[in-house]
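Chemist: turn this into a structure:
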Amino acid sequence: MIMFFNETDFKTEAYEDWKNWIESSVKKEGFETDKINYIFCNDDYLLQINIRYLQHDYYTDVIGFQYSEGKKLSGDIYISIDRVNENAIENSVSFDQELARVMIHGILHFMNYKDKTESDAAEMRKAEDKYLAYFNEII
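Modeler: Reported below is the predicted structural model:
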């Protein structure tokens with residue numbers, strides 16, 4: 001089950017499309033969704049989470065807390081809509097394209113993708129690109 005929550009004024013009509021895309025992407029990796037919560041928030045909200053739980057005093061676009069067991073993915077993924085907007089402008093992509101990148105990035109972490117080293121980050125980016133292409137096909 002994938003649920004969406006708003007701690008900001010962000011709204012979309014496409015929740016069902018986003019859900020179907022995420023679930024299909026997860027299945028392509030050999031996993032299944034159990035309970036995934038996407039929480040859309042602003043910069044300040046996510047900054048406070050970053051400070052409190054990760055001891056990082058800087059803005060970020062996504063933070064995930066995973067509770068998965070085996071191949072069943074569960075967790076909370078917090079996304080700063082402010083960062084998504086800014087990153088979309090900076091990278092010359094649409095808001096939806098950037099939101100999709102951040103959404104799949106959080107899920108990929110739940111599927112054991114890492115991004116701390118250059119080689120891990122390259123593998124993560126390759127997987128993001130794969131699922132963004134899939135996103136473009138179905139949404």
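
Chemist: C-alpha from now on. contacts and neighbour counts both.
Modeler: Noted.

Chemist: for Ile89, see how far away Asn112 is.
Modeler: 29 Å (C-alpha to C-alpha, to the nearest Å).

Chemist: more neighbours, those two?
Modeler: Ile89 (13 against 9; other C-alpha atoms under 10 Å).

Chemist: now do the longest helix seen in the chain: distance to the chain's middle.
Modeler: The longest helix of the chain (DSSP state H) is helix 118-138. Remark: helix 118-138 is offset 12 Å from the chain centroid, using C-alpha atoms, centre = their mean, to the nearest Å.

Chemist: repeat that for stretch 68-81.
Modeler: Using C-alpha atoms, centre = their mean, the offset of stretch 68-81 from its chain centre is 9 Å.

Chemist: all strands of the protein, in order?
Modeler: Applying DSSP state E to the chain gives strands spanning 2-6, 32-41, 62-66, 72-80.

Chemist: against Val84, how distant is the spatially most central residue of the chain?
Modeler: Using C-alpha atoms, centre = their mean, the residue of the chain that lies closest to the mean C-alpha position is Met103, 2.2 Å off. For Met103, the distance to Val84 equals 10 Å [C-alpha to C-alpha].

Chemist: do Gln66 as well
Modeler: 21 Å.

Chemist: more neighbours, these two?
Modeler: Val84 (25 against 17).

Chemist: quick one: contacts for the more buried one?
Modeler: Applying C-alpha atoms under 8 Å, 6 or more residues apart in numbering, we find Val84 in contact with 61, 95, 98-99, 102.

Chemist: and the furthest pair within the residues you listed?
Modeler: Spatial extent of the contacts of Val84 (C-alpha to C-alpha) is set by the pair Asp61 and Phe95 at 12.9 Å.

Chemist: find the residue closest to Trp21 in space, skipping its chain neighbours.
Modeler: Excluding its sequence neighbours, the residue lying closest to Trp21 (C-alpha to C-alpha, 6 or more residues apart in numbering) is Phe135, at 6.4 Å.
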